[in-house]
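> this one's sequence-less:
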């Protein structure tokens, strides 16, 4: 749980499953997230070996993140969590009294 806990880690892993992305692209994918939080999550995922960062030594310098083979093994788990979330969402709406688009 330590590896994937956190609001954005599973979202980042899922987004990187279809290819490498630069940090600014990831920030745009999660506009409701603070950029500092996304950067912290990226560093932790990199530390655990779930994603890797490639730095391009060109002008202007830039970097991109991609999922590692060990990170790919988390995709079925994340997909199951999403499946469960879709199943449970109607209950959350009843409990919280809000529509799914506000969660």
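Structure received. The structure displayed is predicted, hence computed values, not measured ones.
> Please count neighbours and contacts with C-alpha atoms only from this point.
Fine.
> now the end-to-end length of stretch 14-31.
Length of stretch 14-31, first residue to last, C-alpha to C-alpha, to the nearest Å: 16 Å.
> which regions of the protein lie under the pLDDT threshold?
The chain contains residues with pLDDT under 70 at 98-103.
> Scan it for its longest helix.
In terms of residue count, the longest helix belonging to the chain (DSSP state H) is helix 75-96.
> what packs against that one?
Applying 3 or more C-alpha pairs under 8 Å, 6 or more residues apart in numbering; DSSP states H and E, one finds that helix 75-96 contacts helix 9-16.
> Residues in contact with the helix it packs on: which ones?
By C-alpha atoms under 8 Å, 6 or more residues apart in numbering, the list of residues contacting helix 9-16 from outside reads 4, 26, 41-42, 45, 50-51, 65-67, 71, 75, 78.
> List the buried residues for stretch 46-62?
Judged by neighbour count using 16 or more other C-alpha atoms under 10 Å, the buried positions of stretch 46-62 are 46, 49, 50, 51, 52, 53.
> Redo these as a markdown table? Include secondary structure and distance to residue 14.
Output for those, formatted as a markdown table (DSSP: H, G, I helix; E, B strand; the rest coil; distance: C-alpha to C-alpha, whole Å):
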| residue | secondary structure | distance to residue 14 |
| --- | --- | --- |
| 46 | helix | 15 |
| 49 | coil | 15 |
| 50 | coil | 11 |
| 51 | strand | 11 |
| 52 | strand | 14 |
| 53 | strand | 16 |
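> Specify which member of these is nearest to residue 82.
residue 50 (18.8 Å; C-alpha to C-alpha).
> shouldn't that closest one be in contact with residue 73?
No: in this structure residue 50 lies outside contact range of residue 73 using C-alpha atoms under 8 Å: 9.2 Å.
> so what's residue 22 up against?
Residue 22 touches 62, 63, 64, 65, counting by C-alpha under 8 Å, 6+ apart.
> that older thread, list just the nearest of the contacts of helix 9-16 to residue 19.
Using C-alpha to C-alpha, residue 66 comes nearest to residue 19 of the contacts of helix 9-16, at 6.5 Å.
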